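J.: Coordinates for the following, if possible.
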Amino acid sequence: MAVIAAGAAGGVAWAWLDRPLHWGAGALDLAIEPGTTPRGVAREVVAAGVQTDARWLYAWFRVSGQDRLIRAGNYELLPGTTPRSLLQKLVRGEESLRALTLVEGWNFRQVRQAMVKENQLKPDSAALSDEALMAQLGRPGVPPEGRFFPDTYTYAKGSSDVALLRRALHAMDRRLDAAWAQRAPDLPLQTAEQALVLASIVEKETGRASDRAQIAGVFVNRLRVGMLLQTDPTVIYGLGEKFDGNLRRRDLQADTPWNTYTRAGLPPTPIAMPGKAALLAAVQPERTRALYFVAKGDGSSHFSASLDEHNRAVNRFQRGQ
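T.: Here you go, the predicted structure:
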């Protein structure tokens, strides 16, 4: 009888391993902190809302021989999860992932706004000034503008937004270094940082991808001959939150460090996050005689080598004359 009873108990336990666990409707979030013991993990599962006995779970972890392989992390349990599949998920570290896309051409204010909207991303940066944040990222004194590579980043639910920014920062480091290593030999740029600034302007000025290298060529030509860059996006950036969507003549005349109508050369910082194509255009600009360009209204630009030609293009494409 004892043997039969033991066999029956074993059969019940074996069936339990493949029986779906129950909780309320929908998916269930489970957070396992680093350093949690296997017994503590079993308790956390029950505390999260799973309707089972923590002692059974702990026993299963131990019997499996994988109890010490369970990984900390943030997990999402879906309906149909069994004790067996739960352990597999915890051992493999199959964390619940979300994604945040940093868009080419965004400024850092927009990056912060996007992170705030991610309610599964821990807002550790919210209480930090830009300066304090960059110091925490290991770049004290470096402005954050343009320093993060625009891409889609996956993250585990509950992870820190600072950790995500660190990944984007290092991604930009790699992209910028790779672009700078491919620079044309006669560029009027002295450092990779200057290339980053120029790339951010190219990113904001480009309406059609095929024009990107030629737009970079115009700005490079202007830098070579000492002309003012006179690019509206830098003025808009300098206005900050005061910009209401309408750029006026008085704005072009209002001096700020980023006003390329009043100040020569490149502005002191990038004005946005440039993507890979803009970085490459900045260091490999198209060889052109053009010193001017104007939007044609279809996303593309008309390029001119002389001011007279440019004025005619402005009349045609901007004024309909």
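J.: Report the mean per-residue pLDDT for whichever strand or helix holds Leu100.
T.: In this structure, Leu100 sits in strand 97-101 according to DSSP states H and E. Along strand 97-101, the predicted confidence averages to a pLDDT of 92.
J.: show me the contacts for Pro268.
T.: Val197, Pro257, Trp258 (C-beta atoms under 8 Å, 6 or more residues apart in numbering). Quick note: C-beta positions are derived from backbone N, CA and C, even for glycine.
J.: now the last one, what's its secondary structure?
T.: Spelled out, that is Trp258. Taken by DSSP: H, G, I helix; E, B strand; the rest coil, the conformation at Trp258 corresponds to coil.
J.: Sort out which of the contacts of Pro268 are buried, if you could.
T.: Of the members of these, the ones counted as buried by neighbours, 16 or more other C-beta atoms under 10 Å, are Val197, Trp258.
J.: could you redo the contacts of Pro268 as CSV and give each row distance to Arg287 and pLDDT?
T.: As requested, those are exported to CSV (distance: C-beta to C-beta, whole Å; pLDDT from 0 to 100):
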residue, distance to Arg287, pLDDT
Val197, 21, 98
Pro257, 30, 97
Trp258, 28, 97
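J.: Of the contacts of Pro268, which is the nearest to Arg62?
T.: For Arg62, the nearest member of the contacts of Pro268 is Val197. The distance, counting by C-beta to C-beta, is 58.7 Å.
J.: Extract the C-alpha trace of the helix or strand hosting that closest one and format it as CSV.
T.: In this structure, Val197 is located in helix 192-205 according to DSSP H and E. The C-alpha coordinates for helix 192-205 follow below in CSV (Å, rounded to 0.1, in the frame of the first residue of the first chain):
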residue,chain,number,x,y,z
ALA,A,192,35.0,64.0,-34.7
GLU,A,193,32.9,66.2,-32.5
GLN,A,194,32.8,68.8,-35.2
ALA,A,195,31.6,66.1,-37.6
LEU,A,196,28.8,65.2,-35.1
VAL,A,197,27.7,68.9,-35.1
LEU,A,198,27.7,69.1,-38.9
ALA,A,199,25.9,65.8,-39.2
SER,A,200,23.1,67.0,-36.8
ILE,A,201,22.6,70.0,-39.1
VAL,A,202,22.5,67.8,-42.2
GLU,A,203,20.0,65.6,-40.5
LYS,A,204,17.6,68.5,-39.8
GLU,A,205,18.0,70.1,-43.2
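J.: tell me which residues in the helix or strand where Asp173 lies are buried?
T.: Per DSSP H and E, Asp173 falls inside helix 161-181. Burial within helix 161-181, assessed by neighbour count using 16+ other C-beta under 10 Å, is assigned to Asp161, Val162, Leu164, Leu165, Ala168, Leu169, Ala171, Met172, Arg175, Leu176, Ala179, Trp180.
J.: What lies in contact with that helix?
T.: Residues from elsewhere that reach helix 161-181, judged by C-beta under 8 Å, 6+ apart: 100, 102, 111, 115, 118, 121-126, 133, 136-137, 139, 146-149, 151, 153, 155, 192, 195-196, 199, 273, 276, 279-280, 282-283.
J.: do the same with stretch 290-301
T.: 207-208, 210-211, 214-215, 217-218, 221-222, 225, 227, 302-307, 309-310, 313-314, 317-318.
J.: How is the chain partitioned into domains?
T.: Here the domain assignment for the chain is 15-92, 97-177, 184-317, based on automatic domain parsing.
J.: Adding distance to Leu252 and pLDDT, write the buried residues of helix 161-181 out as CSV.
T.: Putting the buried residues of helix 161-181 into CSV (distance: C-beta to C-beta, whole Å; pLDDT from 0 to 100) gives the following:
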residue, distance to Leu252, pLDDT
Asp161, 36, 96
Val162, 37, 96
Leu164, 37, 96
Leu165, 33, 97
Ala168, 32, 97
Leu169, 33, 97
Ala171, 35, 97
Met172, 30, 98
Arg175, 32, 98
Leu176, 30, 98
Ala179, 30, 98
Trp180, 31, 98
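J.: Now for those: which two are most distant?
T.: Pairwise distances across those (C-beta to C-beta) peak at 28.1 Å, for the pair Asp161 and Trp180.
J.: From Leu279, how far off is Ala199?
T.: Ala199 sits 5 Å away from Leu279 when distances are taken as C-beta to C-beta, to the nearest Å.
J.: helix/strand/coil for Tyr75?
T.: strand.
J.: Mind pulling up the pLDDT for it?
T.: According to the model's per-residue confidence, Tyr75 sits at a pLDDT of 90.
J.: Pretty sure it sits against Ser96.
T.: Yes: using C-beta atoms under 8 Å, Tyr75 is in contact with Ser96, at 5.6 Å.
J.: Give me the common contacts of the two.
T.: Both Tyr75 and Ser96 are in contact with Asp29, where contact means C-beta under 8 Å, 6+ apart.
J.: Spatially nearest residue to the residue nearest the centre of the chain, not counting backbone neighbours?
T.: Compute the mean C-alpha point of the chain, and by C-alpha atoms, centre = their mean the closest residue is Leu102, 3.6 Å away. By the measure of C-beta to C-beta, 6 or more residues apart in numbering, the closest residue to Leu102 outside its immediate chain neighbours is Pro150, 4.6 Å from it.
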